[in-house]
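> Sharing a model that was predicted from the sequence below.
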Amino acid sequence: MPKKTNLQQKQKRVKTVDFANKLAELSNQLRLMEQKMTMSIDRNIQAEYENHRHELNHSTYSVNKAHLKFQTEQKKLVPSRFTFNKHKKRLS
């Protein structure tokens, strides 16, 4: 009888070791999948950030250009020698 018990214990140990090895393998696979997902998400976030930054810079440039054009149009309409707040000289 003792031989059967030893054989059964060895089989249990082998099954336990196999189970532990499979569990470690699954854990490694899950870690790699999580790492790939994290890297993919980070790349997508970075790309979206760059796109938004580019659009914002383009919008800022357009607004500044329009403002400059408006200022030059104002200067054409109101020459510098005619100012609204300038006091008139007296003829005395």
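Thanks, I have it.

> what helix or strand does residue 52 sit in?
If you go by DSSP states H and E, residue 52 is part of helix 2-77.

> Run the chain-centre distance for that helix.
10 Å (C-alpha atoms, centre = their mean, to the nearest Å).

> Now do that helix, average pLDDT.
The pLDDT scores in helix 2-77 average 89.

> Counting neighbours, what do you get for residue 53?
By other C-beta atoms under 10 Å, 10 other residues sit near residue 53. Using the backbone N, CA and C atoms, a C-beta is placed for each residue, glycine as well.

> For residue 44, see how far away it is.
Distance check for residue 53 against residue 44: by C-beta to C-beta, to the nearest Å, it reads 15 Å.

> now swap in residue 35 and tell me
For residue 35 relative to residue 44 (C-beta to C-beta), the value is 15 Å.

> and if you look at residue 14?
When residue 14 is compared with residue 44 (using C-beta to C-beta), they lie 45 Å apart.

> Same check on residue 68?
Going from residue 68 to residue 44 by C-beta to C-beta gives 36 Å.

> again, but for residue 30
For residue 30 relative to residue 44 (C-beta to C-beta), the value is 21 Å.

> Residue 70 too?
Distance from residue 70 to residue 44, by C-beta to C-beta: 39 Å.

> what's the answer for residue 19, then?
Distance from residue 19 to residue 44, by C-beta to C-beta: 37 Å.

> now do residue 25
29 Å.

> quick one: residue 55 and residue 48, what's the gap?
11 Å.

> again with residue 9
Distance, residue 9 to residue 48, using C-beta to C-beta: 58 Å.

> got it, and residue 31?
As judged by C-beta to C-beta, residue 31 and residue 48 stand 26 Å apart.

> before we move on, what about residue 57?
Using C-beta to C-beta, residue 57 is found at 15 Å from residue 48.

> mind exporting stretch 58-76 as PDB, just the C-alpha atoms?
Once non-C-alpha atoms are left out, stretch 58-76 reads as follows in PDB (Å, rounded to 0.1, in the frame of the first residue of the first chain):
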ATOM      1  CA  HIS A  58      -3.800  76.900 -37.300                       C
ATOM      2  CA  SER A  59      -6.900  78.700 -35.700                       C
ATOM      3  CA  THR A  60      -4.600  81.000 -33.700                       C
ATOM      4  CA  TYR A  61      -2.700  81.900 -36.900                       C
ATOM      5  CA  SER A  62      -5.900  82.600 -38.800                       C
ATOM      6  CA  VAL A  63      -7.300  84.800 -36.100                       C
ATOM      7  CA  ASN A  64      -4.000  86.800 -35.800                       C
ATOM      8  CA  LYS A  65      -3.900  87.100 -39.600                       C
ATOM      9  CA  ALA A  66      -7.500  88.400 -39.700                       C
ATOM     10  CA  HIS A  67      -6.800  90.800 -36.900                       C
ATOM     11  CA  LEU A  68      -3.800  92.200 -38.700                       C
ATOM     12  CA  LYS A  69      -5.800  92.600 -41.900                       C
ATOM     13  CA  PHE A  70      -8.500  94.400 -39.900                       C
ATOM     14  CA  GLN A  71      -5.900  96.800 -38.400                       C
ATOM     15  CA  THR A  72      -4.400  97.600 -41.800                       C
ATOM     16  CA  GLU A  73      -7.900  98.300 -43.100                       C
ATOM     17  CA  GLN A  74      -8.600 100.600 -40.200                       C
ATOM     18  CA  LYS A  75      -5.400 102.500 -40.900                       C
ATOM     19  CA  LYS A  76      -6.400 103.000 -44.500                       C
END
